[in-house]
Structure formats: C-alpha cells, structure tokens
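Visitor: give the three-dimensional model of this entry:
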Amino acid sequence: MRFSALIGVLTLAAGGAWAAPRFASHPTIAAIEASIVRDGAQATVGALFNGRRWDEVASHVARGEPGWVALAGKLAPGTDAGTAEDLAISLAFALPRDAPAVLAVLHSGAADVSDVCGAPFIEGTVRDVPAYARQAAAAVGRVADPRLAATRAACLDALARAR
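Guide: Coordinates of the predicted model:
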C-alpha cells in the first residue's frame, strides 16, 4: 500500500476531519491545480492514485499535452517512489514532443535530469531506445532558451549515455 494511501486510511479511520480530495471521472488541469493549492501535492497525488486517475494524468503528460507537462512539475513534490517513477517515465515520453516544457520542469528541480533523460522506460515499452534517444536529443538540441542551457546540456549528456 502506498504511503499516501495509508495516511488517508488511518486519518479517516481515526475520525479525523481531513478528507482526501476527490476528482471527477476525468480530472482537469484546473481541478488538479486547485487541489494542490487546497490540499497539497501529496494529498492530490494520493487522491489521483487511489481514485484510479493517476494513469490518466501520466498519459496526458506522456503525450506532451499543453499544460499537463507543467502540471507534472507541481505534482512531483507529492510523489512517492512508484508515482515518481511513473512521472519520470511520462516526462521521458514527452521529451521528444515538448522538450522546452520538459526541460522547464527539470530546471525547476521538480524531477531529476538523469531520471527523465536517461531513458527510464520499463523493459519492452520502447522497442528502440537508441532511436528514441536520437529523437529526444534532436528535440532537446533545438531548445534555445538560455535559462535552460545547463539543463539542456545535462539532458543531452544523459541521452547520449542512454544510447
């Protein structure tokens, strides 16, 4: 059982006033951001995970959809080992699709460059990791924002090692 789920169960069993946030069948960026502000990132991640919505959020991030990659950076402080790995993999999938947004999340410190740019895929999910790394490196190489230069260089190094 995940730590955030255990805390929620124990709090509710003890009759605490705290209640986990709930999400509609398809949570929106705005609803998740409001939950982070109101309840904190950890409670929000726990509610998404326990409400079986975490995979949906991770899929939006993985597709590099506008706003969802930035949301990953706001959710990251509330992740545990498993959800942090999910988020890193989702950001890695998003890297070739929206490298500037992913690099901005990495630059903020919300996720570790080596965890995202090191091709963290579960065995068998990416058939050709070297091809992925070349595609991702090309996308990262096109990022010209000088504020992201150090993150860009670190990501390119990690991608080169992943080949």
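
Visitor: where does pLDDT dip in this structure?
Guide: 1-20, 24 (pLDDT under 70).

Visitor: can you tell me which residue is nearest the centre of it?
Guide: Closest residue to the average C-alpha location of the chain: Leu87 at 3.0 Å, with CA atoms, centre = their mean.

Visitor: hang on, that one packs against Thr79?
Guide: Yes. With contact defined as CB atoms under 8 Å, Leu87 reaches Thr79; the gap is 5.8 Å. Where C-beta positions appear, they are placed from N, C-alpha and C, glycine not excepted.

Visitor: neighbours of Ala70, how many?
Guide: 18 (other CB atoms under 10 Å).

Visitor: use 7 as the first number from now on
Guide: Sure thing, new numbering starts at 7, so read that last one as Ala76.

Visitor: contacts only, for the residue nearest to Ala144 when sequence neighbours are not counted.
Guide: Of all residues not flanking Ala144 in the chain, Pro102 sits nearest, at 7.7 Å (CB to CB, 6 or more residues apart in numbering). Residues counted as contacts of Pro102 (CB atoms under 8 Å, 6 or more residues apart in numbering) are 70, 138, 141-142, 144-145.

Visitor: so Pro102, which state does it fall into?
Guide: At Pro102 the chain is in coil, as set by DSSP: H, G, I helix; E, B strand; the rest coil.

Visitor: check the gap between it and Thr50 for me.
Guide: 27 Å (CB to CB, to the nearest Å).

Visitor: and what of Pro33?
Guide: From Pro33 to Thr50 the distance is 9 Å (CB to CB).

Visitor: ok, Asp151 next?
Guide: Computed as CB to CB, the Asp151 to Thr50 distance reads 28 Å.

Visitor: show me which of those two is the more surrounded one.
Guide: Neighbour count, other CB under 10 Å: between Asp151 and Thr50, Thr50 has more, with 27 against 12.

Visitor: now do the SS call for Gly79.
Guide: Under three-state DSSP, Gly79 comes out as helix.

Visitor: quick check: it touching Ser114?
Guide: Yes. Assessed by CB under 8 Å, Gly79 is found in contact with Ser114 at 5.3 Å.

Visitor: more neighbours, these two?
Guide: Legend: neighbour count by other CB under 10 Å for Gly79 and Ser114, higher for Gly79 (21 against 13).

Visitor: can you list contacts of stretch 78-86?
Guide: So stretch 78-86 is in contact with 8-10, 38-39, 42, 46-52, 54, 63, 67, 90, 92-93, 96-97, 110-111, 114, 116-117, going by CB under 8 Å, 6+ apart.
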